[in-house]
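Visitor: I'll drop the sequence and a predicted model, then ask my questions.
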Amino acid sequence: MAKLRYSEAFYSIQGEGRFVGVPSIFLRVFGCNFECRGFGQERGNLIPVEEMPYMTDPLGDKNNPDAYTSIDQLPVTPVGCDSSASWAMKYKHLQMTKTTEEVFEHIISLLPNGKFDEREDIHLVITGGEPLLGWQRVWPELIEMCMAKGLKNVTFETNGTQEVKPELVNFFNANHKNIHVTWSTSPKLSLSGEKNEDALIPDALVTMNQVYNSHLYNKFVVRDMDDFEEVDMFYLTYQKSGVQIDAVYCMPEGATLEQQTLTAKGVAEACMKTGYKFSPRLHIDLFGNAWGT
């Protein structure tokens, strides 16, 4: 039986994108191909890598970097990736490594009545880190187990750089009448600190479109109109490559409620000008972006 390394699993509501407000089980896997250290920083003037929170203690105690014993003890930092503990090697010791059966049992223990098909369907959201990086062999087995408990909707929150392997495409296509897949792709603009040539991979999204009855949308983190021009460039590049995109959402930058307050209104107004959809980060409004929410 396959094993999965993951940071956390929790029951909450979806705070972003297409399914805002839907009760969902979130499974956050370990590992990512990006660091996104540009978030929360001045463009072109990033602090050195060795001073990033994922390289030092988030609270600044460099003399005691291993004081934490679980993910939920960590603060969400305002600089860089707000889920860096799900990929930074510094926090590898805080991850869980379990068999598919054990992960399934963890998920089921979080559901209100031990099943997904309550009055309206509870969704499964597989996030990270990057859930299509190294873990694709796990998903058919795990999702099939969850389907036996009534799962009908699964969302992959991905940065859009990893191709879906044929084995996973075939699994979903064989079960497309029983499970609906949503690809919530969050391509990283230069605001993130990542380079366009690394973040803009149309071929990866083409493989997502190969899954029958699936839904793919883009969800960009933006700060100002410079970012919207880059959104245009990403979107047009995807279109020219034949990617079928059902919607484009723009979401205000900010790991904390205070940061979001500075950008949310401007982003909403820009969405009204450009025609892109606005996505809130409802979980931050409600819970302050703590782990497990």
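Guide: Right, received. Where do you want to start?

Visitor: Which helix or which strand is home to residue 237?
Guide: helix 225-240 (DSSP states H and E).

Visitor: what does that helix rub up against?
Guide: 187, 189-191, 196, 200, 202, 205, 218, 220, 222, 245, 248, 250, 270, 274, 276 (C-beta atoms under 8 Å, 6 or more residues apart in numbering). Where you see a C-beta, it was placed from the backbone N, CA and C, and this is true even at glycine.

Visitor: got it, and stretch 105-115?
Guide: 9-11, 25, 27, 98, 118, 122, 124, 146, 149-150.

Visitor: redo that, cut-off 6 Å
Guide: 9, 11, 25, 149-150 (C-beta atoms under 6 Å, 6 or more residues apart in numbering).

Visitor: Make a PyMOL selection of the buried ones in the residues you listed.
Guide: To isolate the buried members of the contacts of stretch 105-115 in PyMOL, using 16 or more other C-beta atoms under 10 Å:
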select buried, resi 9+11+25
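
Visitor: Restricted to strands, list the contacts of stretch 105-115.
Guide: In strands, judged by DSSP state E, the following of the contacts of stretch 105-115 are found: 9, 11, 25.

Visitor: Just name the closest of those to residue 19, please.
Guide: Relative to residue 19, the closest of these is residue 25; by C-beta to C-beta it sits at 12.5 Å.

Visitor: which residues pair with that closest one across the strands?
Guide: Going by DSSP bridges, residue 25 is paired in beta bridges with residue 11, residue 124.

Visitor: list the contacts for it?
Guide: 11, 107, 110, 124.

Visitor: Could you rerun that using 8 Å?
Guide: 9-11, 107, 110-111, 116, 122-125.

Visitor: Counting neighbours, which of those end up buried?
Guide: By 16+ other C-beta under 10 Å, these give 9-11, 107, 111, 116, 122-125 as buried.

Visitor: Mind picking the one among those that's closest to residue 78?
Guide: Nearest to residue 78 among those, with distances taken as C-beta to C-beta, is residue 10, at 21.6 Å.

Visitor: That closest one and residue 26 touch, don't they?
Guide: Yes - using C-beta atoms under 8 Å, residue 10 is in contact with residue 26, at 5.4 Å.

Visitor: Quick check: which ranges of the protein have low pLDDT?
Guide: By pLDDT under 70, the weakly predicted segments of the chain are 57-66, 255-262, 284-290, 292-293.

Visitor: mind running it again at 80?
Guide: 1, 56-69, 75-78, 118-120, 254-263, 283-293 (pLDDT under 80).

Visitor: follow-up on the earlier one: let me know the closest of the ones in strands among the contacts of stretch 105-115 to residue 31.
Guide: Looking across the ones in strands among the contacts of stretch 105-115 and measuring by C-beta to C-beta, the closest to residue 31 is residue 9, at 15.7 Å.

Visitor: Can you show me the helices along the stretch 1-150 of the chain?
Guide: 100-110, 139-147 (DSSP state H, counting those that start in this stretch).

Visitor: Tell me which of those helices is the most buried.
Guide: Most buried of those by mean neighbour count (mean count of other C-beta atoms under 10 Å) is helix 139-147; its value is a mean of 19.

Visitor: How far off centre is it?
Guide: Distance, stretch centre to chain centre, for helix 139-147: 19 Å (C-alpha atoms, centre = their mean, to the nearest Å).

Visitor: how much does it deviate in direction from helix 100-110?
Guide: 40 degrees (axes from the mean of the first three to the mean of the last three C-alpha atoms, to 10 degrees).

Visitor: From the contact counts, what lies against the next helix or strand after helix 139-147?
Guide: Going down the chain from helix 139-147, the next helix or strand is strand 153-158, by DSSP H and E. On a contact count with 3 or more C-beta pairs under 8 Å, 6 or more residues apart in numbering; DSSP states H and E, strand 153-158 meets strand 123-127, strand 180-185.

Visitor: Can you tell me the strand partners of strand 153-158 and which way each runs?
Guide: strand 123-127 (parallel), strand 180-185 (parallel).

Visitor: need the strands for the stretch 151-293 of the chain, in chain order.
Guide: 153-158, 180-185, 215-222, 247-252, 277-278 (DSSP state E, counting those that start in this stretch).

Visitor: Pipe those into CSV and attach mean neighbour count and distance to residue 85 per row.
Guide: Shown next, in CSV, are the strands of the stretch 151-293 of the chain (neighbours: other C-beta atoms under 10 Å; distance: least, C-beta to C-beta, whole Å):
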stretch, mean neighbour count, distance to residue 85
strand 153-158, 23, 16
strand 180-185, 22, 20
strand 215-222, 22, 18
strand 247-252, 21, 21
strand 277-278, 16, 28
